[in-house]
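> below is the sequence, then the predicted model.
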Amino acid sequence: MAISNEVQARAAWLREQLHGHSYRYYVLDDPEIPDAEYDRLFRELQELEAAHPELITLDSPTRRVGGQPLEAFTPVRHRMPMLSIRTETDIGPGGAQAFDAQVRRELGLSADAPPVEYACELKFDGLALTLRYEQGVLVQAATRGDGETGEDVTRNVRTIKTAPLRLRGVAPAVLEVRGEAYMSRPDFERYNARQRAAGLPTLVNPRNGAAGSIRQLDPNLAAKRPLSFFAYGLGEVQGWTVPATQSAVLDALAALGLPVCGERAVAQGAEGLITFHRAIAAKREALPFDIDGVVYKVNRLDWQQQLGFRTREPRWAVAHKFPAQEELTVVEAIEVQVGRTGAITPVARLKPVFVGGVTVTNATLHNAGEVARKDVRVGDTVIVRRAGDVIPEVVGVVLERRPTGSQPFVLPATCPVCGSRVVRPEGEAVARCIGGLYCRAQLQEAIRHFASRRALDIEGLGDKLVEQLVGRELVRNPADLYGLDAATLAELERMGSRSAAKRVEALERSKNTTLARFLYALGIREVGEATALTLAGHFGALEALMGANEERLQQAPDVGPVVAAAIRAFFQEPHNQQVIARLRAAGVHWPETEVQRAAEQPLAGKTFVLTGTLESMTRDQAADRLRALGAKVSGSVSKKTDYVVAGREAGSKLDKARELGVTVLDEAGLQALLER
């Protein structure tokens, strides 16, 4: 039965609408319609195609969903080889200078010739692909393979929503696009969270997630894993005038509806390469996807052709890697650490490995549940990850290398420090020692916290000194600190009479504090700096806070049932009441403040981010003054940020603020705001 013109037109219109909305949603991140409306259009097209299968086209949005499993991937011979770019591990200025010098030499440029122009891009940590479009429609996708022959992964690539099934505008007769499939960090975390909730295996890292998804023989499984795609180059091209530069090629690909990473630049000479490398290194951890370096390419395509190739690598491009964030090593032991609140944290003692720019010998295993989920055992070969300043963690086990006879880790029933019972409260992932301040490990951590810069700020009370004070039983709780004298301190290791006198002076200075700092210093579970500030502002006096029941506590902003229960339990404990009374008797004091509702404060509801070095005060002091006026101080810039305060040598946060149009204040502007 012939299909009416009306039905054919409706199907074509639906395809056009869905392509346009997908482009705006997945590539531009600027949707025009609600998800529900998109779903309605999609279902209508599905129903039309189900009733009239002959309406189905290669570029139909409905073809993004899986299909029947494959028995194997079909080999694909690349019409133009997919060659690898030479990778340099010399990531300092010398590497960029050497590459620039090589390019200038091989181009025959004189010393006084203008700088070479380079296209600077990111080196994505995913899976390289080539997408072939004919008359603007995606007809084939393949992996790199050995560079000459890859695997046909078209059905799986169709499930990547950022990879267009049809190009926009006037498309070339043939356009092969080279790029990278990757899994963003947020998508990776969400996928693993769903898997854990369902009791299913999780992915080790985003890179393995991308490679494993593309190489799934079952497209339905691939469709469940959220992948993205970035285009960064060309293969075979027919019927299209290729732009003259690499940067213009990427602009042209973006105009055709292909996703192109915005973190790219055109740089002049070696100095431009060095500047780009440093800028990306500074923002690497803030990117929503993993990279392992940057790529420099001679921008002019005619110069690329002139430079040609060395063996199987282009002379006109080089990749400069950052320090690896993941490496393999062996677990030599699993021990437990006892934290300030009694939290028992399993820690893997590792065979030393260089990762993330440092040598790592320990990695957190978070809690007993995580150890069991990942099934980490002594003797295992594991993947260790360290990103930026993040504590190294074990992200997965290489089961093929597990030694025979290995045994699962069992959490100890008693605290390794004080012998008290270890319990795991119902509904919590973390097990805890119940020894409290009687446990030396908890006491040392409690004293360190009490004396820390953001708490009572007792200068010179470092880890070694705290360890001696607790070890010799000179300090059994924070109040004992104020009973120390110079003669007692002078008897400790590496502590002369002059140093001892300075410590006593520091203790005396610390007595003059604020209620918010005092509350934070007590180490109440669930009470961080922000909550301590909220409680101080809401109750105004310590006595009022200590006498409040849970219902009254929950009237304070951002204090829920869990926080209220923790605060109430802390102040009901007689031992804690005694310590607080002794601290007050020792002279610890703060200005008595009037209760000021958050909404009445001058900067209530405003979010600030501080970056760079301030001249008249430290960033911590600036944060304290802002919070005292009701502001929230955040560590990252977003659309919800009201002000970014930029001091000297402000970094990527300032760039982000300008990109988002957030108001930027210099130090003078901050002072004016604080003094209003």
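Yep, that arrived.
> list the buried ones in stretch 171-186?
171-172, 174-185 (16 or more other CB atoms under 10 Å). No exception for glycine: its C-beta is placed from N, CA and C like everyone else's.
> widest-spaced pair of these?
Val174 and Arg185 (34.7 Å; CB to CB).
> could you give the average pLDDT over stretch 281-293?
On average, the pLDDT along stretch 281-293 is 88.
> before we move on, what about stretch 419-429?
77.
> what does stretch 22-33 give?
pLDDT averaged over stretch 22-33 gives 66.
> quick check: Tyr191 vs Thr202, distance?
Computed as CB to CB, to the nearest Å, the Tyr191 to Thr202 distance reads 8 Å.
> which residues touch the residue lying closest to Lys639 once chain neighbours are set aside?
Spatially, and ignoring its direct neighbours in sequence, Lys639 is nearest to Leu660 (5.8 Å; CB to CB, 6 or more residues apart in numbering). Going by CB atoms under 8 Å, 6 or more residues apart in numbering, Leu660 touches Val637, Ser638, Lys639, Thr641.
> first-to-last residue distance for stretch 359-372?
26 Å (CA to CA, to the nearest Å).
> enumerate the positions of that stretch that are buried.
For stretch 359-372, by 16+ other CB under 10 Å, it's Val360, Ala363, Thr364, Leu365, His366, Asn367, Ala368, Gly369, Glu370, Val371.
> is it true that the second one lies in a strand?
To tie it back to what came earlier, the one meant is Ala363. Yes. Assessed by DSSP: H, G, I helix; E, B strand; the rest coil, Ala363 belongs to a strand.
> ok, and what's touching whichever strand or helix holds His21?
His21 belongs to helix 5-22 when assigned by DSSP states H and E. Here helix 5-22 makes contact (CB under 8 Å, 6+ apart) with 31-33, 38, 41-42, 44-45, 48-49, 52, 55, 57, 59-61, 161, 164-166.
> make a PyMOL selection of the buried ones in these.
To isolate the buried ones among the contacts of helix 5-22 in PyMOL, judged by 16+ other CB under 10 Å, type:
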select buried, resi 38+41+42+45+48+49+55+57+59+60+61+161+164+165+166
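> in strands only, show me the contacts of helix 5-22.
Judged by DSSP state E, the subset of those located in strands is empty.
> circling back to that earlier point, name the residue in Tyr191 and Thr202 with the higher neighbour count.
Tyr191 (19 against 16; other CB atoms under 10 Å).
> roughly how far apart are the more buried one and Glu106?
45 Å.
> just Phe309 next, same as before
12 Å.
> more neighbours: which of the two?
Glu106 (16 against 12).
> so what's the more buried one closest to, chain neighbours aside?
Counting by CB to CB, 6+ apart, the residue nearest Glu106 is Leu307, at 5.7 Å.
> tell me the contacts of that neighbour?
Contacts of Leu307 (CB under 8 Å, 6+ apart): Val103, Glu106, Leu107, Val298, Pro314, Arg315, Trp316.
> identify the farthest-apart pair in the residues you listed.
Leu107 and Pro314 (13.7 Å).
> list the contacts of Ser60.
Per CB under 8 Å, 6+ apart, neighbours of Ser60: Arg15, Leu45, Glu49, Leu165.
> isn't Gly150 right up against Arg79?
No. Taking contacts as CB atoms under 8 Å, Gly150 lies outside contact range of Arg79: 11.4 Å.
> of the two, give the one with the bigger neighbour count.
Remark: of Gly150 and Arg79, Gly150 carries more neighbours, 21 against 11, as counted by other CB under 10 Å.
> my read is that one is in a helix, agree?
No. Counting by three-state DSSP, Gly150 falls outside a helix, being strand.
> show me what contacts it?
Pro75, Val76, His78, Met82, Thr130, Ala142, Thr143, Arg144.
> what average pLDDT does stretch 258-269 get?
On average, stretch 258-269 scores 95.
> ok so, going back, please narrow the contacts of Leu307 to those residing in helices.
Val103, Glu106, Leu107 (DSSP state H).
> tell me which helix or strand the residue lying closest to the last one once chain neighbours are set aside sits in.
The reference is to Leu107. Leaving aside its sequence neighbours, Leu107 sits nearest to Trp303 (CB to CB, 6+ apart; 6.2 Å). Assigned by DSSP H and E, Trp303 belongs to helix 301-307.
> tell me the buried residues in that helix?
Leu301, Trp303, Gln304, Leu307.
> surely Glu667 meets Thr613?
No. If you go by CB under 8 Å, Glu667 and Thr613 don't touch, sitting 9.5 Å apart.
> quick one: which of the two has more around it?
Just comparing Glu667 and Thr613: by other CB under 10 Å the higher neighbour count belongs to Glu667, 18 against 11.
> number of nearby residues for the nearest residue to the more buried one once chain neighbours are set aside?
Leaving out its chain neighbours, the residue that sits closest to Glu667 by CB to CB, 6+ apart is Leu614, at 5.4 Å. Residues lying near Leu614 (other CB under 10 Å) number 19.
> and Leu614, what is it in contact with?
Contacts of Leu614 by CB under 8 Å, 6+ apart are Ala622, Val645, Gly647, Arg648, Glu667, Leu670.
> same check on Thr514?
By CB under 8 Å, 6+ apart, the contact list for Thr514 reads Ala536, Trp590, Pro591.
> then Thr488?
Leu474, Ala500.
> what about 7 Å?
Residues in contact with Thr488 (CB atoms under 7 Å, 6 or more residues apart in numbering) are Leu474.
> any buried residues in the helix or strand containing it, and which?
Take DSSP H and E as the rule and Thr488 turns out to sit in helix 486-490. Of the residues in helix 486-490, Ala486, Leu489 count as buried by neighbour count, 16+ other CB under 10 Å.
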